[in-house]
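Enquirer: Quick one, fold the following:
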Amino acid sequence: MKIRYEDMKIDRALTNAYTEEIKKAFNLISGQDDIELLLRGFEKKFSDYIGRRHALAVNSGTDAIHLCLTMLGIKSGDEVIMPNVTYPAVPIAVSYRGARPVFVDVDRESLNMDARAVEKALTKKTKVIIAAHMFAMPCDIKKISDIAKRHNIKVIEDVCQAESSTLDGKKLGSFGDFGCFSYSYYKPLSSCGGGGGAIVFDNELYKDIYKYTQIWRDEKSQLNARVRFAPMYLLDLISVEVKFKYLLPIIKSRQRAKKIYEQELCKVKGITIFKDKPNANSVPQNFVILSNKRDSLNSYMKCNSVICQQPYKPLHISNTFKEFSKGSKFPVSDMYWKKALHLPLYSFITEKEVKYVAKLVKDFYKRKPADD
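Expert: This next block holds a predicted model:
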């Protein structure tokens, strides 16, 4: 069997459901106004699901973060703090505003941004903290929010890697000033390969944020805004709507796979796994391990038809962003970069597939040193 770190098995399973939903939508739609009504309906369901008053469906998670920064008036000279281990779209969105991304190291317990490092990174120029919940696990959002409140700084929760995960029984995305989501195809709630994202929030800015998705109607408005944010595309919306109906079994399948990995790998000497804290409940998009023989293990997995995901390149060593971190040290990020491997975990992955991957890891570590 061949197993990849991502798989569209769920989309193959839902082909008939997609077809029916497309037919239903097209029978209802006679113009753009009808599409707007479909969007508003989904936004209400999603905001209720996360536990916020408002949601806005947009073209991507990157657009969601960029739009929040735009609404907050972030500009050249401002600083935005974010974790050093995150998807590069986060600093890219900051650079769109002309602001300076400021990277902080991650902690050893969850590989999420270290709240102590956040406080040390604050300056008079700091306007926003982007609190990214990486690998489905919550960052220390309560402490980060307290720090931000004391310094009159806004918090954008980046939930693109942690949709449906909870902390103290509350969905991630319900703690900061804004929560940003992505519906890329490998997420629990996902499109069929396109973009799609959302912003959730409680304040009264809905009409102000919404107007940025409407400026395509007016050339002068586009020129004045110097940016265009598209609403979520119809086919992305349809696929996300279908998956929303199946979200509970999707979540259960991913958490079942996580539990099997934890049971099978927790006693393997040479690797480190990351478990939820008692007050958290994560819905994983992959299963991260640290291996003292990562490259050899990865080669062994490939030879046995398992394709793992490589770690995210920490921002401080990326050619694109390393200029923003001169003179700074990121020891935990460096450790992650050298040792991390993301094992396959996707919606409806089978118990047999998960146990096969875990067995390969265990078999690798049972080998004699001469076998490496």
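Enquirer: any idea how the protein splits into domains?
Expert: 9-104+111-245, 247-371 (automatic domain parsing).
Enquirer: Between those domains, which one is closest to Lys2.
Expert: Proximity to Lys2, assessed across the domains of the chain by Cβ to Cβ, is greatest for domain 247-371 (4.3 Å). Quick note: C-beta positions are derived from backbone N, CA and C, even for glycine.
Enquirer: What average pLDDT does the closest one get?
Expert: The average pLDDT for domain 247-371 rounds to 95.
Enquirer: same question, stretch 203-210
Expert: pLDDT averaged over stretch 203-210 gives 87.
Enquirer: one step back: for the domains of the chain, which one ends up most surrounded?
Expert: Of these, the one with the most neighbours on average (mean count of other Cβ atoms under 10 Å) is domain 9-104+111-245, at a mean of 19.
Enquirer: now do the same end-to-end measure for that domain.
Expert: Criterion Cα to Cα, to the nearest Å; first-to-last residue distance in domain 9-104+111-245 is 17 Å.
Enquirer: And for stretch 343-353?
Expert: 11 Å.
Enquirer: Go ahead and measure how far it is from the middle of the chain.
Expert: Centre-to-centre, stretch 343-353 and its host chain are 19 Å apart (Cα atoms, centre = their mean, to the nearest Å).
Enquirer: swap in stretch 180-194?
Expert: So, by Cα atoms, centre = their mean, the centroid of stretch 180-194 is 9 Å from its chain's centroid.
Enquirer: still on that earlier bit, is it possible to get JSON lines of the domains of the chain that adds distance to Lys2?
Expert: Shown next, in JSON lines, are those (distance: least, Cβ to Cβ, whole Å):
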{"stretch": "domain 9-104+111-245", "distance to Lys2": "12"}
{"stretch": "domain 247-371", "distance to Lys2": "4"}
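Enquirer: Looking at these, spot the one closest to Ile3.
Expert: Nearest to Ile3 among these is domain 247-371 (4.9 Å), distances taken as Cβ to Cβ.
Enquirer: Please look at Cys68 and Ile199 and confirm they touch.
Expert: Yes: in this structure, Cys68 is within contact of Ile199 by Cβ atoms under 8 Å, at 6.2 Å.
Enquirer: Next, show the common contact partners of the two.
Expert: 178, 180 (Cβ atoms under 8 Å, 6 or more residues apart in numbering).
Enquirer: ok, which stretches of the stretch 151-300 of the chain are helices?
Expert: 206-210, 219-225, 234-245, 247-265, 294-303 (DSSP state H, counting those that start in this stretch).
Enquirer: who wins for proximity to Ser60 among those?
Expert: helix 234-245 (9.4 Å).
Enquirer: Please state the offset of the closest one from the chain centre?
Expert: With Cα atoms, centre = their mean as the basis, the mean position of helix 234-245 lies at 18 Å from the chain mean.
Enquirer: same question, stretch 12-26
Expert: 26 Å.
Enquirer: now stretch 70-84
Expert: Put simply, stretch 70-84 sits 19 Å off its chain's centre (Cα atoms, centre = their mean).
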